[in-house]
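>>> need a structure here:
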Amino acid sequence: MVLLVIDTQIWLTDKELYNYETFVEGTKAVIEAARENDIEVIYVQHDDGQGTGFSVGDVGFEINREFYPIEGEKQYVKTVSSAFCGTGLKEYLEKKGEDTVVIVGLLTNFCIDASVKSAFEMGLKVIIPEGTNTTFDNPYMDKEKTCKYYNEFMWPERFAECISVEETIQRMIGRKI
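You can find the predicted model right below:
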């Protein structure tokens, strides 16, 4: 089991996100539990390219201090939505023989969704702790409906197991899958 923390960057972490405080609290709890139980925490950051304000070297690119990695935790940079496409993460997890990923981060309907489906296609078991991904309003659905659509309808029983933060932490402690 590994924990992927996706796109918790300064540019994206905003109080306008759906259920922001719950997202911060739950994500921090899962990160802390992973560290306490010797589960590798891996960070993935999105690079939109030079001149966007959201690229390597830009303040917005940096991981928000609420979720900051500690020394020795791996970081990967991606330029597309999936954390696995062209980053080396897929190969790293395959080499380690990992079979389960816990995914938290931003944004539900973009990089989290793409990463969940990519992990599923790789044959990984995917766990999504409740409230640890979020998004903004979009032209088709408000942010609450968008989060509920993915977490309650799209992913469960198809691509991921969506469970509470507490159950995720218990699985980390017991490593029961």
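>>> Helix or strand for the nearest residue to Val80 once chain neighbours are set aside, just tell me which one.
In this structure, Val80 finds its nearest non-sequential neighbour in Gly86, 6.9 Å apart by C-beta to C-beta, 6 or more residues apart in numbering. Where C-beta positions appear, they are placed from N, C-alpha and C, glycine not excepted. Per DSSP states H and E: Gly86 is located in neither a helix nor a strand.
>>> wait, isn't Gly86 in contact with Asp47?
No: Gly86 is not in contact with Asp47 according to C-beta atoms under 8 Å; the separation is 11.1 Å.
>>> So if I had to pick from the two, which one is more boxed in?
Taking neighbours as other C-beta atoms under 10 Å, Gly86 and Asp47 compare with Asp47 leading, 17 against 12.
>>> For Glu157, see how far away the more buried one is.
33 Å (C-beta to C-beta, to the nearest Å).
>>> What ranges does the chain have for its strands?
Secondary structure of the chain (DSSP state E): strands at 2-6, 40-46, 75-78, 100-106, 125-129, 133-134, 161-163.
>>> I'd like those written out as CSV, with distance to Lys143 and mean neighbour count added.
What follows is those, written out as CSV (distance: least, C-beta to C-beta, whole Å; neighbours: other C-beta atoms under 10 Å):
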stretch, distance to Lys143, mean neighbour count
strand 2-6, 17, 25
strand 40-46, 19, 22
strand 75-78, 23, 16
strand 100-106, 12, 26
strand 125-129, 17, 22
strand 133-134, 7, 31
strand 161-163, 17, 18
